[in-house]
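Undergrad: below: sequence and its predicted model.
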Amino acid sequence: MAWNKLKSLFVVSPDGSAAPDPGAGGEAAPDLSGLDPALAKYLVPGAEAALPEGTTSDQLTGSIDYQNLYDQAGIPNTDEVEALERFLGGLDNSLPQSSKLAAAKAFLGAIGKSPPDVLTDAERKIRVVRAVEAQKRAEVDATVAELQAHIDDLQKQIDGKRAEMETARKDLESVRGQCATEEARLQGARVFFGAVDGISR
């Protein structure tokens, strides 16, 4: 279920209505600005987390298989969060918030779970997700730094080659000047001695 639909249970717009659900598809981080302060205490604090043992770089590229990472982390495959999301996704949007919350509580009771079970399941998974983001950021930072160093080295080589080209052009101009001077001297000699030869005949 889209975050915005779940958010509509807890975030209230300034006019008192539930926050609208613009639909899924957004990649931006969820906006928690309208969250009731009494509920904000349930947010998992920002803390460092470690990747599950055996995680490879390939697992952090492209479409990430979070369930596989959760399994690697030893998180019980109970899927409380996903089950509750599916249930809430099937509720009528027109139901009042209190009815949705009561229905969610009844659903958890029916599957033998409680709100703390969902909180624990979500927290464990959040820490894995944060570890994924932190590891990927570290990998990309290292890659970017390495590539930038390579670019800088190539730029030095380019600058050096450009300097060589400029030196070659200056050498050409010097040779051209010398050749022009020497040719002028020789042409002058031809003209002068040609004239002398014409007189002597």
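TA: Looks like it arrived, so ask away.
Undergrad: got the confidence number for Ala24?
TA: Model confidence at Ala24, given as pLDDT, is 41.
Undergrad: low-confidence ranges in this protein?
TA: Low-confidence segments of the chain (pLDDT under 70): 1-36, 77-80, 200-201.
Undergrad: quick one, helices of it?
TA: Under the criterion DSSP state H, helices of the chain are mapped to 3-7, 37-40, 66-72, 80-89, 97-110, 115-200.
Undergrad: distance to Thr55 for the ones you listed - can I get that in CSV?
TA: Where C-beta positions appear, they are placed from N, C-alpha and C, glycine not excepted. CSV is the format used below for those (distance: least, Cβ to Cβ, whole Å):
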stretch, distance to Thr55
helix 3-7, 25
helix 37-40, 30
helix 66-72, 6
helix 80-89, 21
helix 97-110, 31
helix 115-200, 7
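Undergrad: could I get the ones you listed as CSV with mean neighbour count and distance to Leu51?
TA: Listed next are the helices of the chain as CSV, based on neighbours: other Cβ atoms under 10 Å; distance: least, Cβ to Cβ, whole Å:
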stretch, mean neighbour count, distance to Leu51
helix 3-7, 17, 23
helix 37-40, 9, 27
helix 66-72, 15, 8
helix 80-89, 17, 20
helix 97-110, 13, 30
helix 115-200, 12, 5
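Undergrad: of all those, which one is nearest Leu60?
TA: Leu60 lies closest to helix 115-200 among these, at 5.0 Å (Cβ to Cβ).
Undergrad: tilt between that closest one and helix 80-89?
TA: Angle of helix 115-200 versus helix 80-89, following axes from the mean of the first three to the mean of the last three Cα atoms, to 10 degrees, is 100 degrees.
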